[in-house]
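Engineer: give me a model of this one.
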Amino acid sequence: MNAELLDPFAQDYPEALTASYNLGHATCLRFNRSGSHVAVGLVDGLVLVWDTATSGIARVLKAHTRTVQSLR
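Structural biologist: Here you go, the predicted model:
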């Protein structure tokens, strides 16, 4: 029984994001598995979900009261 190992670095991520927003200082970010969205954690507690296909913000999450330090 052979288990196939998946390489986590073999995923297709966008080469560059061309749009930018000045919404604060980012502390962390994480791409989803397909590379179509990226979540960005900000100092003021916001989490922005960025759609890489449209180069726009898909969601703004305002549940945190302190700096977002990591994303899972």
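
Engineer: contacts for stretch 54-72?
Structural biologist: Residues from elsewhere that reach stretch 54-72, judged by CB atoms under 8 Å, 6 or more residues apart in numbering: 17-19, 21, 27-30, 37, 39, 41-51. In this view, the C-beta of every residue, glycine as well, is placed from N, C-alpha and C.

Engineer: same thing but at 7 Å, please
Structural biologist: For stretch 54-72, contacts defined as CB atoms under 7 Å, 6 or more residues apart in numbering pick out 17-19, 21, 27-30, 37, 39, 41-43, 45-51.

Engineer: helices - which of those land there?
Structural biologist: For these, not one is inside helices, with DSSP state H as the criterion.

Engineer: just the buried residues of those residues.
Structural biologist: Neighbour-count burial (16 or more other CB atoms under 10 Å) is assigned, among the contacts of stretch 54-72, to 37, 39, 41, 42, 46, 47, 48, 50.

Engineer: how about the strands in this protein?
Structural biologist: For the chain, strands defined by DSSP state E occupy the ranges 26-31, 37-42, 47-51, 56-61.

Engineer: I'd like these laid out as JSON lines, including mean pLDDT.
Structural biologist: Supplementary listing: those in JSON lines, determined by pLDDT from 0 to 100:
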{"stretch": "strand 26-31", "mean pLDDT": "91"}
{"stretch": "strand 37-42", "mean pLDDT": "92"}
{"stretch": "strand 47-51", "mean pLDDT": "92"}
{"stretch": "strand 56-61", "mean pLDDT": "92"}
